[in-house]
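Chemist: Fold the following, please.
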Amino acid sequence: MGPEDLPNTVNARELQPFMARAQFDPGAIDARSRALVVAFQTWLGVQDEQVLIRLTDGRVSSTPVAQQGYFSLLRWASDPARDEARNVAVILVGESGHFGGLKAAPISSISPRLHDQGILDAMVVGLEKQFGSEKKPTLDLLERVRKALAHSVYLTEPQPVAVYEQDETLTALYRAYVAPRGGGSGATKGTVVDRVVATLRKRGLVVQRGHYLEDFIFDVVVEREIPLVLEVLSFASAARTWVSAEYDAGHFLYALHQVGVRGHAVVRPPSDTSHENARASHARALRWFEGAGVPVVPPEDVAKSLLPVAAGG
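Modeler: I've put the predicted structure just below:
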């Protein structure tokens, strides 16, 4: 909640002239609303306690006082030598850790490479866990993490920001510094992986992205006693060549056999506007999966189809 106009109110610190002119009786201050404001500001840990008094009825309300926050950007440089970096997430903290949060871009928008996505995803998940407890990371901790990171993944120097409401401030910073420009296509393999991972994590599963089992990397690994691995393919983009998708499918089937784990394929079929090559490759991949006994699940059915399997251990 940001600043708003509250008519007929004055800051309590500026009340003296009104009392001197008999325009306000201090005995008219509403005790109940005053107690609520004191409790609210104490809970927030507001350092500069200020209140507004409504002259008409003595009602007390909290002033929209900004808290001092600091934000830093998590950045990814795939080639540090070229000094080119992408903003992965924005991190917001309070100096003493009484508030804070993190908002990250879709991982697929940062790098198309599965190995890179795995590194970034693990970093973001690790940072998000730091904000999951009541005591959030402090400015001092953010500085120490910044100094510890280097090379491909690093944090920018924390900058001060006025925080009226945490979520609004975090969203504004995300839109200004991190949000992908232009929207991008929702039909790529990467964007489908984004949604699959998010869906499974929302259901409480521990999920690794771009994760190795033995010597083989998988798109998605659901952690359990015997891991469940997923191959994600999308044939719905406007591409004309699908050799890479066929290669991914073949690698997945070979890796399943070598590692000896259970696997599913999450496959988005071609759209009405997809090239005929997409339809041919899609049909070929489905034949391979069927021949290997690998169940195929459309992205929209991931929760319904995979949650019972993942929970089975």
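Chemist: what sits up against stretch 303-313?
Modeler: 199-200, 203, 205, 222, 224-226, 228, 230, 262, 264, 295, 297 (Cβ atoms under 8 Å, 6 or more residues apart in numbering). Where C-beta positions appear, they are placed from N, C-alpha and C, glycine not excepted.
Chemist: now these: which count as buried?
Modeler: Neighbour-count burial (16 or more other Cβ atoms under 10 Å) applied to those gives Thr199, Leu200, Leu205, Val222, Leu228, Leu230, Arg262, His264, Val297.
Chemist: In helices only, show me these.
Modeler: Members of the buried ones among the contacts of stretch 303-313 lying in helices (criterion: DSSP state H): Thr199, Leu200.
Chemist: Could I get the buried ones among the contacts of stretch 303-313 in TSV, plus columns for pLDDT and distance to Lys129?
Modeler: Shown next, in TSV, are those (pLDDT from 0 to 100; distance: Cβ to Cβ, whole Å):
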residue	pLDDT	distance to Lys129
Thr199	94	19
Leu200	94	17
Leu205	92	15
Val222	94	18
Leu228	94	22
Leu230	97	23
Arg262	90	27
His264	97	27
Val297	96	28
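Chemist: Sitting in strands, which of the buried ones among the contacts of stretch 303-313 do you find?
Modeler: Among these, the subset assigned to strands under DSSP state E consists of Val222, Leu228, Leu230, Arg262, His264, Val297.
Chemist: For those residues, please prepare TSV with the additional fields distance to Gly190.
Modeler: Below are those laid out as TSV (distance: Cβ to Cβ, whole Å):
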residue	distance to Gly190
Val222	19
Leu228	20
Leu230	14
Arg262	24
His264	18
Val297	18
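Chemist: Pick the one among those residues closest to Gly210.
Modeler: Leu230 (11.6 Å; Cβ to Cβ).
Chemist: Can you tell me, leaving aside adjacent residues, what's nearest to the closest one?
Modeler: Val220 (3.9 Å; Cβ to Cβ, 6 or more residues apart in numbering).
Chemist: Report the beta-bridge partners for that neighbour.
Modeler: Taking DSSP bridges as the rule, Val220 bridges to Arg209, Leu230.
Chemist: Any figure for the gap between it and Ser109?
Modeler: Using Cβ to Cβ, to the nearest Å, one gets 18 Å for the distance from Val220 to Ser109.
Chemist: try Gln130
Modeler: For Gln130, the distance to Ser109 - Cβ to Cβ - is 23 Å.
Chemist: same thing with Lys189?
Modeler: Distance of Lys189 to Ser109, given as Cβ to Cβ: 13 Å.
Chemist: Walk me through the domains of this protein.
Modeler: 9-62, 67-177, 189-311 (automatic domain parsing).
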